[in-house]
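Enquirer: Turn this into a structure:
(chains A and B)
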Amino acid sequence: MAQQLETDVVVVAAGLSGLAAANAAAEGGARVIALEKASNTGGAANMGMGPCAAGSPVQKAAMIEVTPGELFRRHMFYTHYQVDPRLVRAYYFKSGSTIEWLQEMGVVFNSVRPAFRARERTRAYADGEYTWHVVQPEDGSEPGPRAASTMVKRMTEHAVELGVEFLYETPGTSLITDESGAVVGVRATNKAGEEVEISAKSVIVATGGFGANAAMIQEKIGLEWGKNLYSFAVPGMDGDGFNMCHEVGGGHTPVTMEMMYQLPDNMNHFYVEGAFRQPCYWCDRSGERFMPEDDIFNTTFVGNAINHLPGKVAFSIFDAKMLRHWKKDGPDIVSHVHPHDLYEGFEAQFEVDLDTYLDGEGNHVVAKADTLEELAEKIGIDPEGLVSNVEEYNQMCAGGFDTLFEKDHEFLQPLEDGPFYACRQYMGAYGTLGGVLINSRMEVMTDEGTVIDGLYCVGTDACTIYGDSYNYAIPGNTMGFCLNSGRIAGEEASAKAFESASGADDWDDGDWD
Amino acid sequence: MKLTINGKEVEAREGTSVLDAALDAGIFIPHLCSHPDLPVSGGCSLCMVEVDGERKPVHACQTIVREGMVVSSEAPAADKARRLAMELILATHPADCTGCPRFGVCELQSMYTYMGVSPARWRCKSRPVPTDASNPLVTHMFTRCIRCGRCVRACRDLRGVGILDYQRTKDGIRIGVNGGVSLEEAGCRFCGACVEVCPTGSIVDALTITHPERSREDNAVPCRTGCPARIDIPRYLHHIKLGEWEKATAVVREKVPFPEVLGSICTHDCQGECKRNELHGALSICRLKRAAAVRDTGAWKSRVRHEPLTGKRVAVVGAGPAGLTAALYLAEKGHRVTLFDAEERLGGQMRYGIPAYRLPDEVLDGEIATIFEVTQGSDPEPRIETRLGHRVLDPGALLADGHDAVLVTVGTFDGTVLPMAGNDLDGVVRNTDFLKAARKGEAVDVSGRVVVLGGGNVAYDCARTALRMGAASVDVACLEAVDKMTSTAEEREEAAEEGVALHDAYAFISINESEPGSGRVGSLTIHKIRRFYFDEDHKAVTELMDGGEETLPADHVIFAVGQRPEDTAGMGLELTHGAYVAVDGSHRTSAEGVFAAGDDVTGTRSVIAAIAGGRGAASAIDTYLGGDGDISEVLLEPEPREARIGRAERAFYDGTTLPELMSAEERKGSFVPYECPFSPDEATHEAARCLQCDLRLDITRPRLWNEY
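Expert: This is a model prediction of the structure:
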């Protein structure tokens, strides 16, 4: 017999959106149970640095004028109105106060930043807004990757103080509905593998997409993980929420992945990955260049570009002279993710990788050769095509102007000094986005637009606001949407718990927002 | 004694470390190298505390409590030392955790979340070490290693194996196998203790044996997970290793009433799950169960559940494995049971579907008699009554006839005949009729040439039975290619030795008359298949090979292409997929008070699945009748096991022990069981190959900060 529990609100998964939902619902007075598959809270947010917001106290204190309305318009222009304006509005207009809410929980923000400054010629399209609220690590040091884990801790502690009951290693498995189709609870499997049934007035699904489920990625997105896609696969992101919402009639939205580029098993090849992410010579498998390499720092652009190349693969090539330059002067593009001693550690790892580093299709990921023909043979580029394209490129370098793409002059270095180094470049992504249709109150709707009573979906399971590409111009968006969608759903669910308790009328669809 | 930690007075036993005293009192102090089951090492330096009277912060794990001691883990000096230690750990740990299989359950991740330390203050120097996936079952990803040494201590101190240690390499100190040899060469037990204690994702279970959808426990002990009745396999194998047959049988009997039957004929999904499939072959779990059962003395009988009579009575319709199992547990819970069966003898498919050379009547009769014996106990009359030769067509009517609940377990006795030309000729017979007749000793004519249609174990039961009843030749033809057939490989091999010919990947075209108008089978036409698959609508599609038609001479054709429930259509119950009874998660059918379980619900599966269904149904019916639904039994008190298992001897890596068989020549003419139970030596040797995967579940899991 399944164990039976009863509460007001169940939050399925305690990542960032689930934590926001649990806190908001508990603050509203609801009794909350939060299910979590892992033994830690925070999910993927433990890797991040901070959320996006507009009009926050942090921005105001730094005299940065970023209003929700302005960001709303920029976002909608970026996505060409392909996404739900009410949902986008609900998010940005909530975001400033959410920062204040987090500060009250004890989260300290170090600063608000853009992700990067674009070069002059692309500034109008690719520049970042000052929206990234980077969390201050507790020890007062400069924030780096994982800085947001401090925010996770504060939110977890706050939730516990409010009486939220966390059930660890207890994944939600399916939703329970009544005769009318309304959601009235959740089934879960506890640590011992036994079934638990929790009845509740509302369920908030926040399981984080299906980035770790290769079969679903292939089915829903058409990419093959481990062959032409090497995206993050955070364990547990198996599509549980996506599936359970659809099982009870939840509507569908397109699912996307925010493309970037990455090497297979990159943590074990981090020096190689960082060393090749430079504005050298980038081409497709016929040897042709496909973008001005000064844009290589924009991982969204490169990921999207690789998606449209034959075989969904690109190649990054440099020569001995460029390597000498980077060793002496440091990399042209500095990434805060890759090791700081990039070119000190590069050669030792590269030499090992030459023989042993294979991708999921059995191709060598890196190659080295004294001539371009030989290099092309080894790495899988058409040798004739590479030689003739490089010849043309070298002439442009000699002439001082890239007549093909007008790449920045300072990076216009010829490929002429053997040995030559090459590395395949693959599509990567952070996870999946969207799939479950919601309205601006985060209520799940059927494909016909009817609200499923008692069911909310938040965070990346429901994040459909990007359209086709990660909005790097408004950085912090993934966490920002998680926090705000979770918070809104938590508030709605707790209000609803008391409405039904007091016997008030059904939810009034009137002038809300 | 009393001491003060972070301003709170706590009690601690003498000799306790400050760290344990704090943790026991609910005060969290960060720590990574410390583990409740392992000796102290002090390497990680995260547990630094300030002690009044000491000049410098000290390791809480290495400091023993003293009366009146005043300790602070929050003092600035302690905090500073701890942060420095964490920064040093993070400086060499990969900055990006997103590709790590331990994400979310990683203790290091939990610890840096708690401490809020940023890696950026330190100049990061990641030290990639190639992932070593060359060993079976265990993968080393030492790029993530923080050199806490827990694995070293677990291997050495907890298990007495001692093959892991710090190794000096040209790139610095790291963990490795002594001598740089493979785990097997080193004498590894593959017990998984190192995986269990690793606080990061450096030593992990190989991806090939990890199912993300399963719980930690289910992943750790896959054999038990694979068993439909969840018999505690590692526990009974441990007793067999020690030659404790009756204890082993008691463990099996805690979940199933048919140890010897199962030991003879189980489909043993457990063996498919066994981790030793990756290491010289799975354990012979099924045959070990038989080895113990044949040597059982019944000492467990005194411990069975025997609750007072409830005054309720349950009708069980169908006395196969599901029905008999349910009857047993219902009777133990104090309900009287009336057991109906259409046949004259008990056992269902165990008797009428499984040939005697695999399961002789004596074995079945013995285990069924035990059910009646233990359920009656010291009662004056039996709790289970039988009504044999009584076909129940309306189970609902039994409710009006003095029963408080009814369980339908009628199985699948309606053999399928494919719609094809000639299927009504003389000499065409169904699997169910054929096997039942053979088992009843009825005269069945199979003289001449026999062709069996079908590729499952039942097809082979028919083929080998036909051979034993005097067929001159037996052929098996089936739709599936040999690698897709559902029969077990051993079944096919043994049958081939006995002379059964296989024609795999053939479509059945027609059964032909011996001569026009004879009305008798003369031959069978089949056609080789190029490709067979299910399309997107789950419809079977067969593509035939040009010129692949063949005609096999045949005097008898046996259909063994599936079987369905008989009688269910008229029972007034909601059905699904044709003749199967629709039930909910608690075995309830559409009719109030009527439950169903076994093959008539699930489709033809296995004896063990039917037993598991019978258990579930008994529990559900007990609940329905006002009981607590608890049918669990402790027939043997759990005994502490030696956790220090020591380094493996070479024999530990031997391949699977196989039971001795009679020669094919000898066995094909007889219904005598042809397989010998393991000798005691064979059994103890084979059971000693078990990796004892469950031992790792005894290792304490450190509580994370969010559990304080």
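Enquirer: A:Leu455: which element?
Expert: Here A:Leu455 sits within strand A:451-457, counting by DSSP states H and E.
Enquirer: just how off-centre is that strand within its chain?
Expert: 25 Å (Cα atoms, centre = their mean, to the nearest Å).
Enquirer: Now do the helix or strand B:Phe595 falls within: everything it contacts.
Expert: Element membership for B:Phe595, per DSSP H and E: strand B:594-596. Identification of contacts with strand B:594-596 by Cβ atoms under 8 Å, 6 or more residues apart in numbering or on different chains yields B:395-396, B:399, B:405-409, B:573, B:581, B:583, B:587-589, B:617, B:620-621, B:624. For every residue, glycine as well, the C-beta is placed using N, CA and C.
Enquirer: Moving C-terminal from it, which element do we reach first?
Expert: Assigned by DSSP H and E, the successor of strand B:594-596 is helix B:599-602.
Enquirer: Around chain B, pick out the residues from the stretch 301-450 of chain A.
Expert: Contacts of the stretch 301-450 of chain A with chain B, taken as Cβ under 8 Å from any Cβ of the partner chain, map to A:336-337, A:339-341, A:345, A:349, A:352, A:356, A:430.
Enquirer: of these, buried ones?
Expert: Among these, those classed as buried by 16 or more other Cβ atoms under 10 Å in any protein chain shown are A:339-340, A:345, A:349, A:430.
Enquirer: So which of the residues you listed belong to strands?
Expert: Under the assignment DSSP state E, those contribute A:Tyr430 to strands.
Enquirer: Distance to B:Ile240 for the buried ones among the residues of the stretch 301-450 of chain A next to chain B - can I get that in JSON lines?
Expert: Putting those into JSON lines (distance: Cβ to Cβ, whole Å) gives the following:
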{"residue": "A:Pro339", "distance to B:Ile240": "53"}
{"residue": "A:His340", "distance to B:Ile240": "58"}
{"residue": "A:Gly345", "distance to B:Ile240": "53"}
{"residue": "A:Gln349", "distance to B:Ile240": "50"}
{"residue": "A:Tyr430", "distance to B:Ile240": "50"}
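Enquirer: Arrange the buried ones among the residues of the stretch 301-450 of chain A next to chain B in a markdown table, one row each, with pLDDT as further columns.
Expert: Below are those laid out as a markdown table (pLDDT from 0 to 100):
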| residue | pLDDT |
| --- | --- |
| A:Pro339 | 76 |
| A:His340 | 77 |
| A:Gly345 | 84 |
| A:Gln349 | 89 |
| A:Tyr430 | 88 |
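Enquirer: wait, which of the buried ones among the residues of the stretch 301-450 of chain A next to chain B is closest to B:Leu697?
Expert: Among these, A:Tyr430 lies closest to B:Leu697 (Cβ to Cβ), at 34.4 Å.
Enquirer: List the contacts of that closest one.
Expert: Counted by Cβ under 8 Å, 6+ apart, A:Tyr430 has contacts A:44, A:211, A:231-232, A:257-258, A:260, A:470, A:478, B:98.
Enquirer: just A:Ala30 next, same as before
Expert: A:8-9, A:201, A:493-494, A:497-498.
Enquirer: Show me what the strand holding A:Leu455 is packed against.
Expert: Under the contact definition 3 or more Cβ pairs under 8 Å, 6 or more residues apart in numbering or on different chains; DSSP states H and E, strand A:451-457 sits against strand A:183-189, strand A:202-205, helix A:240-247, strand A:443-445, helix A:477-501.
Enquirer: would you list the ones you listed in a markdown table and tack on distance to A:Val272, mean pLDDT and mean neighbour count?
Expert: Below are these laid out as a markdown table (distance: least, Cβ to Cβ, whole Å; pLDDT from 0 to 100; neighbours: other Cβ atoms under 10 Å in any protein chain shown):
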| stretch | distance to A:Val272 | mean pLDDT | mean neighbour count |
| --- | --- | --- | --- |
| strand A:183-189 | 41 | 97 | 22 |
| strand A:202-205 | 39 | 98 | 32 |
| helix A:240-247 | 34 | 97 | 23 |
| strand A:443-445 | 44 | 98 | 23 |
| helix A:477-501 | 27 | 92 | 25 |
